[in-house]
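> would you be able to build a 3D model of this:
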Amino acid sequence: MLLLSGCPVLAADCVVLLHGLARTAMSMNPMQRALINEGFETANIGYASREYTVEELAETVIPEGLAACRSNGNTERIHFVTHSLGGILLRQYLSRHQIPDLGRVVMLGPPNQGSVAVDELRDVPGFDWLNGPAGLQLGKGEESVPLKLGPATFELGIIAGNRTIDPITSSVLENPDDGRVSVEDTKLEGMDDFVVVEHSHAFMMRMRGPIDLTIRFLNSGSFAD
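Predicted coordinates:
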């Protein structure tokens with residue numbers, strides 16, 4: 001499912017928005033509205049994050065976003081704004097495909113180095129049901145997809161959170177963390193900019209501060225004023 005919207009302009013950059021694990025496209029609605037107000041075309045992609053592997057999701061979700069952005073015929077560059085798992089899907093896709101019109105990428109709370117929480121909690125009853133095949137691939141063990149992917153070879157800004165609303169998960173993570181991934185494990189070799197915000201993993205993509213930082217990076221390639 002996708003939500004495609006934007007302003008009637010002659011030529012505009014388009015932004016593909018990808019939500020995180022066990023979320024829906026609605027979680028990215030505040031970000032989408034802000035991007036539209038800034039003049040971007042947007043494609044807010046919903047996908048069944050708990051039903052397929054990272055590899056399977058990447059091969060369907062990313063092409064859907066690209067096709068949506070290119071469908072109006074006036075897009076010059078395609079940017080990506082991702083939350084959590086969404087960033088890993090993009091990295092997985094780029095490990096096998098090129099996107100000639102790729103612009104800038106902002107990842108919010110991405111488990112780029114995997115999350116030890118997956119390894120520590122995977123045997124807890126219900127964990128696999130809640131997180132699905134892709135969720136089990138986001139740890140630091142042999143099944144880890146993020147650790148098999150290479151450095152960023154595109155313009156990348158990463159926003160990490162240092163607040164948590166999940167003390168149980170945070171107890172197994174290196175501090176500071178956002179309740180799902182440590183700040184350190186969001187980082188990726190080759191990133192162009194990095195910033196830490198005082199928000200949790202669950203809500204950072206809906207907050208005004210991270211939204212403003214995202215727009216700033218898409219426009220300038222930097223989080224700085």
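
> and the longest strand anywhere in the chain, what does it pack against?
In terms of residue count, the longest strand belonging to the chain (DSSP state E) is strand 75-83. Strand 75-83 sits against strand 12-18, helix 54-70, helix 85-94, strand 102-108, helix 208-220, with contacts defined as 3 or more C-beta pairs under 8 Å, 6 or more residues apart in numbering; DSSP states H and E. From N, CA and C alone the C-beta is placed, and that goes for glycine too.

> what's the closest of these to G150?
helix 85-94 (8.2 Å; C-beta to C-beta).

> what separation do you get for V197 and D128?
When distance is defined by C-beta to C-beta, to the nearest Å, V197 is 30 Å away from D128.

> meant to ask about R70, not that
To D128, R70 is 36 Å away according to C-beta to C-beta.

> show me where pLDDT drops low in the protein?
Counting by pLDDT under 70, the ranges of the chain that qualify are 1-11.

> if you set the cut-off to 80 instead, what comes out?
1-11, 72, 74 (pLDDT under 80).

> for D178, phi and psi?
Backbone torsions of D178, given as degrees, to the nearest 10, read phi -110, psi 10.

> may I see the buried residues of stretch 207-224?
Neighbour-count burial for stretch 207-224 flags 207, 210-211, 213-218, 223 (criterion: 16 or more other C-beta atoms under 10 Å).

> repeat for stretch 173-190
Under the neighbour-count criterion of 16+ other C-beta under 10 Å, stretch 173-190 has 173, 176-183, 185-186, 188 buried.

> what's the most distant pair in those?
G179 and L188 (19.9 Å).

> in JSON lines: the helices and strands packed on strand 75-83, plus distance to V118.
Listed next are the helices and strands packed on strand 75-83 as JSON lines, based on distance: least, C-beta to C-beta, whole Å:
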{"stretch": "strand 12-18", "distance to V118": "19"}
{"stretch": "helix 54-70", "distance to V118": "12"}
{"stretch": "helix 85-94", "distance to V118": "11"}
{"stretch": "strand 102-108", "distance to V118": "18"}
{"stretch": "helix 208-220", "distance to V118": "23"}
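
> tell me which of those lies nearest to R77.
strand 102-108 (3.5 Å).

> where's the closest one relative to the chain centroid, distance-wise?
Relative to its parent chain, strand 102-108 has a centroid offset of 8 Å by C-alpha atoms, centre = their mean, to the nearest Å.
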